[in-house]
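J.: How does the following fold in three dimensions:
(one chain, ligands or ions: 2)
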Amino acid sequence: MATIAQHDQTGRRESGAAPQRFQMYIGGQFVDAAGGGTFDVFDPATEQVMATCPAGTAADVDRAARAAHRAFYEVWRGTSAQERGRVLFRLAERVRARRAELAELETRNSGKPIAEAEFDMDDTATCFEYYAGLATKINGDVLPVPVPAVALAMREPMGVAGQIIPWNYPLLMAAWKLGPALAAGCTVVLKPAEQTPLSVLRLASDFEAVGLPPGVVNIVTGDGPSAGAPLVAHPMVRKIAFTGSADVGRQIMRNAADQLKRVSLELGGKSPNIFFSDADFESAIDGALFGVFINQGEVCSAGSRVLVQRDIYKKFVDAAAAKAKTIRVGSGLDRANKMGPLVSAEQRDRVVQYLRVGAREGKVAAGGGVPASHTRGWFVEPTIFYDVDNGARIAQEEIFGPVMSVIPFTDEADAIRIANATQYGLAAAVWTRDIFKAFRVVRELEAGIVWVNHMQPTMVEAPWGGYKASGFGRELGRWGVEEYLETKQVFINLDEKPIGWY
Ligand code: ADP
Ligand code: MG
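T.: Ligands and ions are numbered 1, 2, ... in the order given. Take a look at the predicted model:
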């Protein structure tokens, strides 16, 4: 039976192992915060404090930015692309060697099922490898100009990059940010999310061994206002790369404006997953569930709006609900569980609020509350609402939890209209056996990523990013490295008497 119970909002310390003390990583050293403060980091499956981290403030950001600035000018921009690549290859090897340990830490801190954390570790290693290889393929152009001259477009690293990442894919998001920045020749101050700073700090213990010079990668822990905002404001930081909520993205863009700092933003979504009646039915049901329930729905590209053609609508809702009810929810460490807890009490409460809203705006086909079987842990049931109007809050606002809104449509034009009726434009998927229809729909969808007959596979070789309020700039692939490069035009005159004007 589903209930929406009141839960204790604070973490518990009364039993289990003493919390492990983590430190930040600045200038090649593990250090405490300048102010001496710490904050608690939780295991969301048990609600226990599993670690403490230094509460970074502007003083720590300043220390880190200076270290990164020095490392950029004195070491990293002069390090050959071959050597930068080799460092990234070695980092990838370390992730592979520590896969089990890092995956377990990731699951304990973020809640996600262990099998998903293992995928994340593989993707993390693959991402470092990809950018290791790309480091030596960053080259400029020689331009055909109509005068005796050689015109060049040279590519140069921007300098110190400030990188702010979210809690849903903690180590993988760090890799998406670090890989291209280091390949480009930038140095970095990375701020992990305050909920999930542990895996990247653990990996940092290998930074020196893989040959990363001190100051090239710095990690400052702390919350958004105390550590994130000073990073955005720091004058030595040339560029901010952010992944997170649209509201914080807007704030970062505003705060970066004074210094005309470069920004790239990967924000939220309310992505449509569109099912035509000619789609393979079994795959469609799996695709709908996987699209929105993977990682507890804490995915920026979650297919949270499931658009289903009228003639299969009823059958689809029934089949999806029946299958959703079989998803085992529980600790991510138990391999039998396919869905873990949400990352924090705050996030659980946010999602539970939306379950209340959804109960008014739609009809419940599955879930709708917190599982009664768990007295601890920030769990929420995989939930399906149907007969949802696309204008409803649960169809327009990003929930970032395991909540699907099913919306019926009549024909192709209707599907496209509903799919695009959102402020967001991160991702979309379309399921049909008709390749002509698939491509017609793909062309009309306003989204940075469109899957056909699948949803969520993400390849490091291919670009990732949003249209509209889902942000701008692209990560991954060769696009990812562009975000860390400036372009310098060089004009070399070959005419010995070039001017002759006066
Ligand atoms: P959520 O609300 O789901 O936690 P956020 O967008 O708030 O998502 O968090 C993403 C990242 O942005 C985190 O690392 C967080 O600390 C950081 N952050 C939050 N507020 C700010 C801010 N005002 N300036 C810079 N970074 C911030
Ligand atoms: Mg926040």
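J.: Can you pull out the low-pLDDT segments for this protein?
T.: 1-16 (pLDDT under 70).
J.: Please export the alpha-carbon coordinates of the host helix or strand of Ala438; PDB is fine.
T.: Assigning secondary structure by DSSP states H and E places Ala438 in helix 435-444. Written as PDB, here are the backbone C-alpha positions of helix 435-444 (Å, rounded to 0.1, in the frame of the first residue of the first chain):
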ATOM      1  CA  ILE A 435      11.000   5.100 -40.800                       C
ATOM      2  CA  PHE A 436       9.400   7.900 -42.900                       C
ATOM      3  CA  LYS A 437       7.200   8.900 -40.000                       C
ATOM      4  CA  ALA A 438      10.100   8.700 -37.600                       C
ATOM      5  CA  PHE A 439      12.200  11.100 -39.600                       C
ATOM      6  CA  ARG A 440       9.300  13.500 -40.100                       C
ATOM      7  CA  VAL A 441       8.800  13.700 -36.400                       C
ATOM      8  CA  VAL A 442      12.600  13.900 -35.700                       C
ATOM      9  CA  ARG A 443      12.800  17.000 -37.900                       C
ATOM     10  CA  GLU A 444       9.900  18.700 -36.100                       C
END
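J.: tell me the secondary structure for Val292?
T.: Look at Val292: counting by DSSP: H, G, I helix; E, B strand; the rest coil, its state is helix.
J.: how much space between it and ligand 1?
T.: According to Cβ to the nearest ligand atom, to the nearest Å, Val292 stands 17 Å off from ligand 1. To be clear about C-beta, it is placed using only N, CA and C from the backbone, and glycine gets the same treatment.
J.: That residue and Pro382: what is the separation?
T.: When distance is defined by Cβ to Cβ, to the nearest Å, Val292 is 8 Å away from Pro382.
J.: Then Ser226?
T.: 35 Å.
J.: between the two, which one's more packed in?
T.: When Ser226 and Pro382 are compared for neighbours, Pro382 comes out ahead with 27 against 20, by other Cβ atoms under 10 Å.
J.: about what we covered before: any shared contact partners between Val292 and Pro382?
T.: Listed as contacting both Val292 and Pro382 by Cβ atoms under 8 Å, 6 or more residues apart in numbering are 402, 404.
J.: and Val188, what element?
T.: Assigned by DSSP H and E, Val188 belongs to strand 187-191.
J.: mind checking how far the following helix or strand past that strand is from the chain centre?
T.: Remark: after strand 187-191, the chain's next helix or strand is helix 198-204, criterion DSSP H and E. With Cα atoms, centre = their mean, to the nearest Å as the basis, helix 198-204 stands 17 Å off its chain's centre.
J.: After helix 198-204, which helix or strand is next? Please name it.
T.: Next along the chain after helix 198-204, with elements defined by DSSP H and E, is strand 217-219.
J.: tell me what whatever helix or strand comes next after that following strand is packed against?
T.: Downstream of strand 217-219, the first helix or strand assigned by DSSP H and E is helix 229-233. Packing partners of helix 229-233 (3 or more Cβ pairs under 8 Å, 6 or more residues apart in numbering; DSSP states H and E): helix 58-74, strand 160-164, strand 237-243, helix 246-257.
J.: ok, and for helix 229-233, which residues are buried?
T.: Across helix 229-233, burial judged by 16 or more other Cβ atoms under 10 Å covers 229-233.
J.: Show me the contact partners of it.
T.: So helix 229-233 is contacted by 57-58, 61-62, 65, 162, 164, 189, 191, 220, 237, 240, 252, 255-256, 259, 261 (Cβ under 8 Å, 6+ apart).
J.: Stretch 72-88 too?
T.: When contacts are defined by Cβ under 8 Å, 6+ apart, stretch 72-88 is touched by residues 128-129, 131-136, 138, 156-157, 159-160, 179, 182-183, 185-187, 210-213, 215-216.
J.: Please write out the alpha-carbon positions of stretch 38-47 in CSV.
T.: This file holds the C-alpha atoms of stretch 38-47, laid out as CSV (Å, rounded to 0.1, in the frame of the first residue of the first chain):
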residue,chain,number,x,y,z
THR,A,38,32.3,20.8,7.6
PHE,A,39,29.0,19.4,6.4
ASP,A,40,27.4,16.0,6.6
VAL,A,41,27.1,13.6,3.6
PHE,A,42,24.3,11.0,3.8
ASP,A,43,23.6,7.5,2.7
PRO,A,44,20.1,8.0,1.3
ALA,A,45,19.1,4.3,1.8
THR,A,46,19.8,4.4,5.5
GLU,A,47,19.5,8.2,6.2
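J.: and Asn390, that one's in a strand?
T.: No: assigned with three-state DSSP, Asn390 falls outside any strand and is coil.
J.: For the nearest residue to it once chain neighbours are set aside, give me phi and psi.
T.: Nearest non-adjacent residue to Asn390, counting by Cβ to Cβ, 6 or more residues apart in numbering: Ile418, 4.9 Å away. Dihedral angles of Ile418 (phi, psi; degrees, to the nearest 10) stand at phi -70, psi -40.
J.: thinking again about what came up before, type out the PyMOL command that picks the buried ones from the contacts of stretch 72-88.
T.: In PyMOL, a selection of the buried entries from the contacts of stretch 72-88 looks like this (16+ other Cβ under 10 Å):
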select buried, resi 128+129+131+132+134+135+138+156+157+159+160+179+182+183+185+186+187+210+212+213+215+216
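J.: Share the number of residues neighbouring the residue of the stretch 351-500 of the chain found nearest ligand 1, please.
T.: For the stretch 351-500 of the chain and ligand 1, the shortest gap (Cβ to the nearest ligand atom) falls at Phe400, measuring 6.2 Å. Phe400 has 25 neighbours, counted by other Cβ under 10 Å.
J.: Sweet, I'm off.
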